[in-house]
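Trainee: next comes the sequence, and after it the predicted model I'd like to discuss.
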Amino acid sequence: MASVYPARGRTAWILAQRPPRTGKVDPEAPQGVFLEMERLASGEVASSGVVFITNRECPWRCLMCDLWKGTTLESALEGTVPRQVEHAVQGWLESGALPLQVKLYNSGSFFDLAAIPFADYGPIARQVGFARRVVVESHPLLVGDRARALRDLLSGSLEVALGLETAHPEVLAKLNKGFDLRQFSRAAEFLAAERIALRVFLLVNPPFLDGPSALEWVVKSSEYAFACGASAVALIPTRVGNGAMERLRQSGEFVPPTLAELEAAQTAVLALGRGRVFADTWDLEPFSSCPRCFADRRKRLERVNLAQRDEPSVRCPACGGV
């Protein structure tokens, strides 16, 4: 079957596949707030608070992204994002559980001034002054002076999460991320020089890669991320849901990963022994074909995330663990 994905005009094609926006986004409220446990760089397992900030869509139009669904059409007014963070912190205080680490994820780049005004950095830093480490996400091209400025405002340390997705050069270009491996390395070098920790997001079975080649490249991509100084990689199973991925699935250019492929990726990358490896366990059920063993397999992934030690696969007489 011929490719449906154009060699040129990719941003326009991606936008054209999008389904209509549904629901109303409240610019004063975060998309979500929750607590999770994570193995920290220190080796201890501790609470990590996550805030999904509501603000403007990222200026890049990545092929697989569906985060635009929860974004606003206009830039956040000064003070809006600090109020969202305050809302999250107040909830943690009321529960009596302030986390040691806070992740401020905003469906794009923290250092995009159209998303978070620079004047908000100070108020946000004060809101999370209790945290030993704060994690924000960014596009590699926006890593620079604003990252340094945020680091200096925080009471604890800063970690920046970069979405590399894959180190396969041709596939990376097709993802429409807007950067190449050289630019990613440059951002990582800046973070290392400024003593800012690096976390890297990688896709399991990105478009245009599946089966053995997908596993091979998630391992190679992890090796590349660790070589760039990453202390952790997060393995994200590639999902449908933004229109473009459905089109690529129909054309055979995207094959969603199975739960077994996510398990294999976690095991293989963990075996490198280079840093922490986290398999993303959010909304995993669509990747499973067996309701009998799904819950046990998800719990196994979560245990391995916390222990950073592999363990035997779950044996299932119904599906054989596929």
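Mentor: Looks like it arrived, so ask away.

Trainee: spatially nearest residue to V85, not counting backbone neighbours?
Mentor: Distance criterion C-beta to C-beta, 6 or more residues apart in numbering; nearest residue to V85, sequence neighbours excluded, is Q127 at 4.5 Å. For glycine as for every other residue, the C-beta is placed from the backbone atoms N, C-alpha and C.

Trainee: does A173 touch D180 like I think?
Mentor: Yes - between A173 and D180 there is a contact at 7.2 Å, judged by C-beta atoms under 8 Å.

Trainee: ranges for the helices of the chain?
Mentor: 10-17, 80-95, 121-127, 145-153, 169-174, 181-193, 211-227, 244-251, 259-270, 294-307 (DSSP state H).

Trainee: nearest approach to R133 belongs to which of the ones you listed?
Mentor: The closest of the helices of the chain to R133 is helix 145-153. By C-beta to C-beta, the value is 11.1 Å.

Trainee: list the buried residues for the closest one?
Mentor: Neighbour-count burial for helix 145-153, counted by 16 or more other C-beta atoms under 10 Å, picks out R146, A147, R148, L150, R151, L153.

Trainee: so, low pLDDT: which residues of the protein?
Mentor: Per-residue confidence for the chain (pLDDT under 70) gives these ranges: 1, 321-322.

Trainee: give me the residue at the spatial middle of the protein.
Mentor: F201 (5.0 Å; C-alpha atoms, centre = their mean).

Trainee: picking up where we left off before, and for the residue nearest to V85, the neighbour number?
Mentor: By the criterion of other C-beta atoms under 10 Å, Q127 has 22 neighbours.

Trainee: and if you look at the one 3 residues further on?
Mentor: Using other C-beta under 10 Å, F130 has 15 neighbouring residues.

Trainee: for S47, see how far away it is.
Mentor: As judged by C-beta to C-beta, to the nearest Å, F130 and S47 stand 12 Å apart.

Trainee: not counting sequence-adjacent ones, nearest residue to S155?
Mentor: Leaving aside its sequence neighbours, S155 sits nearest to G129 (C-beta to C-beta, 6+ apart; 4.4 Å).
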